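Q: Here you go, sequence then predicted model.
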Amino acid sequence: MFVLENGAKKGEDPRLQAISQAIRVVPHFPKQGIMFQDITTLLLDHNAFKDTVDIFVDRYRDMDISVVAGVEARGFIFGSSIALGIGAKFVPLCKPGKLPGGTLSAAIRLLELAGAEVVECACVIGLSDLKVRSKLNGKPLYILLEPRQPENGY
């Protein structure tokens, strides 16, 4: 085995070491014996995040893939970026019963508890439930598109 100066094995993509180092390992989470691979630290490292997506894009670019399906939640993050990079459609896959619901208000509370200042909430599609705005703790809500009604009544 040959090892290059940066620690990568000969023939191995040199970006892999930086990507691996950007992932935080949380021992014994969520229970004893589990070594949780926390990718949030990877997402905070612009170069490592871009390199991760680029490696997948390079791999799949010429495979004539028309749809990328991403399994929540990590799959949403990487899958949509990869789909964009290879010119494919993206399909998110969710577990049954998982709807946004109170996610926006919970996100605001969590961010504020961490000391962040939430300037505005943004959604691609507006939420039809008017009670949602009352749960945003007075934060403005930017909506790109209002919900469309289904064609033919469904």
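A: All right, it came through fine.

Q: Only C-alpha atoms from now on, for both contacts and neighbour counts.
A: Will do.

Q: which residues of this structure fall in strands?
A: Using DSSP state E, the strands assigned to the chain run over residues 24-27, 35-38, 67-71, 89-93, 121-125, 141-145.

Q: Mean pLDDT lowest where, among these?
A: Note on those: lowest mean pLDDT is at strand 121-125, with a mean of 77.

Q: Output the contacting helices and strands for the helix ranked longest in the chain.
A: Longest helix in the chain, counting residues (DSSP state H): helix 46-60. Where contact means 3 or more C-alpha pairs under 8 Å, 6 or more residues apart in numbering; DSSP states H and E, helix 46-60 is packed against helix 15-22, helix 40-43, helix 74-86.

Q: list the contacts for the nearest residue to C121 once chain neighbours are set aside?
A: With sequence-adjacent residues excluded and distances taken as C-alpha to C-alpha, 6 or more residues apart in numbering, C121 is closest to L141, at 4.7 Å. Neighbour list for L141: E120, C121, A122, C123, R133 [criterion: C-alpha atoms under 8 Å, 6 or more residues apart in numbering].

Q: same thing with D51?
A: Contact analysis of D51 by C-alpha under 8 Å, 6+ apart lists R15, I19.
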